[in-house]
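Visitor: pasting the structure only:
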């Protein structure tokens, strides 16, 4: 699987569309293969829209420059994070997740 | 409406990176900070599991790990969509990555990687034939 | 003492290197048709280039990343790719104009047909790019470019009515002989000539070339805040010379010979020779900068190894790009197009491309991931956003005005 197989795909549960996958969150906690730890696919960032979310304003705390940051935040309000374990399957045209999968805060915890 | 009303996910046990935000389109630098390429995509592979075979569909029940940074597939595909066949992609294995900052640093020399072949081709076929190409500027 | 010399060198180089064929032609044309009623645009443009050059230099010094890498990283492949195509083509157009400018200046000096000079000029530009160190190439063309102060000298020697000039500059109005649309068209052209995109690519990549760090920010700020405005003063001098000599006699600017006519009139052959030397240096320097910018934009977008600080064989695709763009530019010139006309189009299209270049810089200058604690201050952001709006308006109005006025007829 490559990353583009996930990006911009609609995310559905059994009943409705939850949004679009705009990013994949990785955590460096997999077994070490080189200087860095392995990067494990931790979950997906889901947003009501695709488009400008790659800028990441809705996930970081950035408020500058005004008014760009605020406008982009507004466009992507309602973005949330899903754990990878809640994904049922990935097909060529959608990602299906379990119903009532927990929606988490999309800001990366550190 | 605000993200702060959602619960925080369980705290991960390592550094967190968002693939598109922090890795895609980023510069890859070799051991001497010489630019190698840009990251155009990432290749994931499932962690091997008893009784599972490779062609199984992608599911959250399996753990996926970044296998390699992918580069080289046409800009055209990235701009207009679609998926280039995997044979066209050039790979930089994750084992070569030594640090991730605003650029991705590798622990090896660029020349050791397959991915720098166009640079070496232009160098050998064109630049080296022009007098002075091998010298530092004065 | 050494430090003071270094600072002086930086400032002088910035002044002498500020003008290019676009500034020369546009200011002379404007002076000959509108007098000093568009000087306010030059001032707005100078402040704008100071804001963004300083910002992009700071981004490069703190983060070590040059402008087009940032465009690629923050805009992604689609918007970044579109940005690349537009910026590269406009850069190519500007490069063509600059090499043409070298040939025209050499024609003035020698009366030899410019088309014979063009291949020599292109070859000379390439040779310098191939073998000469970045710092030397910058300093030599910048210092010799100071000869353009001859325009200021000429203005004094012409003994104009200073009060009248000042009043014309501070009370802008559309002259009765020209229409409103043409006035605003040339306002945009002047704006594009002052805020050329290649300047930003060159400045930020140059910061990486010279391995600037946070410690060099002070020097760079002085270069920009002192050097650029003084360079801008020179472009006003060019416009003023045209106002004093060409405007009253309704002389149209169609060639370099009209642009330097006031100088010849004021100071004779000697001053003219000095100014021609200055024009050769300024256009040669600008040709170097635009060639380097074409290499920088392509190499940074695709992630290739780049930089004059590397020997050519360690940045092969970068050097190949510059060779190819010089050949294409030369090819365009050899078809017989008028370099002055190419210049006039290049400044207007530069204005169209400005938002593509400046928006990513403004975004990254605020990103602590790249900038650490050196993110933009509040006031810098206000300035940046105000200018971005002005740039957007100019960019959107440029093409319609070009069509309506028939490119300024």
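Guide: Perfect, I can see it now. Source: prediction; values computed, not measured. Numbering: from 1, shown residues only, chains lettered A, B, ... in the order given.
Visitor: Is it correct that residue A:24 falls within a strand?
Guide: Yes - when DSSP: H, G, I helix; E, B strand; the rest coil is applied, residue A:24 is found to be in a strand.
Visitor: and the gap between it and residue C:10?
Guide: Using C-beta to C-beta, to the nearest Å, residue A:24 is found at 46 Å from residue C:10. (Each C-beta comes from the backbone N, C-alpha and C, glycine too.)
Visitor: which one of these two has more residues nearby?
Guide: Applying other C-beta atoms under 10 Å in any protein chain shown to residue A:24 and residue C:10 shows that residue A:24 carries more neighbours, namely 27 against 21.
Visitor: Grab the nearest non-local neighbour of that one.
Guide: Once flanking residues are discounted, residue A:24 sits nearest to residue B:19: 4.3 Å by C-beta to C-beta, 6 or more residues apart in numbering or on different chains.
Visitor: ok, and what's touching the host helix or strand of residue C:136?
Guide: Following DSSP states H and E, one finds residue C:136 within helix C:134-145. Residues from elsewhere that reach helix C:134-145, judged by C-beta atoms under 8 Å, 6 or more residues apart in numbering or on different chains: B:137, C:9, C:12-19, C:128-129, C:206, C:209-210, C:277-278, C:280-282, C:284-285, C:288, C:308-309.
Visitor: following it, which helix or strand comes up?
Guide: helix C:150-158.
Visitor: Help me confirm that residue C:305 comes into contact with residue C:296.
Guide: No - the pair residue C:305 / residue C:296 is not scored as a contact, 12.0 Å apart, by C-beta atoms under 8 Å.
Visitor: Which residues are in contact with each of those two?
Guide: With C-beta under 8 Å, 6+ apart as the test, residue C:305 and residue C:296 both reach residue C:318.
Visitor: Looking at the two, which one has more neighbours?
Guide: residue C:296 (29 against 21).
Visitor: Leaving out sequence neighbours, find the closest residue to that one.
Guide: Nearest non-adjacent residue to residue C:296 (C-beta to C-beta, 6+ apart): residue C:205, at 4.4 Å.
Visitor: Distance of that neighbour relative to residue C:297?
Guide: 9 Å.
Visitor: re the thing from before, would you mind listing the residues in contact with the residue nearest to residue A:24?
Guide: A:3, A:23-26, B:42.
Visitor: From residue B:125, how far out is it?
Guide: Counting by C-beta to C-beta, the gap from residue B:19 to residue B:125 is 36 Å.
Visitor: So the lowest-mean-pLDDT helix or strand in chain A, near chain C or not?
Guide: Within chain A, no helix or strand scores below helix A:68-75, which has a mean of 79 by mean pLDDT, DSSP states H and E. Yes - for helix A:68-75, a contact with chain C is found by C-beta under 8 Å from any C-beta of the partner chain, at A:68-69.
Visitor: Quick check: residue C:132 touching residue B:135?
Guide: No - the pair residue C:132 and residue B:135 fails to qualify as a contact (C-beta under 8 Å) at a distance of 11.8 Å.
Visitor: Looking at these two, which is more packed in?
Guide: residue C:132 (16 against 12).
Visitor: Report the closest residue of chain B relative to chain C.
Guide: Using C-beta to the nearest C-beta, the closest approach of chain B to chain C is made by residue B:38 at 3.4 Å.
Visitor: Go ahead and flag the most central residue of chain B.
Guide: residue B:69 (2.3 Å; C-alpha atoms, centre = their mean).
Visitor: How about the helix holding residue C:136, which residues are buried there?
Guide: C:134-135, C:137-145 (16 or more other C-beta atoms under 10 Å in any protein chain shown).
Visitor: Out of those residues, which is nearest to residue A:106?
Guide: residue C:134 (43.5 Å; C-beta to C-beta).
Visitor: Tell me how far that closest one lies from residue C:60.
Guide: According to C-beta to C-beta, residue C:134 stands 14 Å off from residue C:60.
Visitor: Could you pull up the mean pLDDT of stretch C:206-220?
Guide: Averaging pLDDT along stretch C:206-220 gives 88.
Visitor: ok, and for stretch C:154-173, which residues are buried?
Guide: Buried residues in stretch C:154-173 (16+ other C-beta under 10 Å): C:154-155, C:157-158, C:165, C:168-169, C:172.
Visitor: Now the two most distant members of these.
Guide: Pairwise over those, using C-beta to C-beta, the maximum falls at C:157 and C:172, 26.4 Å.
Visitor: separation between residue C:37 and chain A?
Guide: Distance, residue C:37 to chain A, by C-beta to the nearest C-beta, to the nearest Å: 33 Å.
Visitor: Please identify which helix or strand holds the closest residue to chain A within the stretch 251-400 of chain C.
Guide: For the stretch 251-400 of chain C, the residue closest to chain A is residue C:366, as judged by C-beta to the nearest C-beta, at 4.1 Å. Using DSSP H and E, residue C:366 is not contained in any helix or strand.
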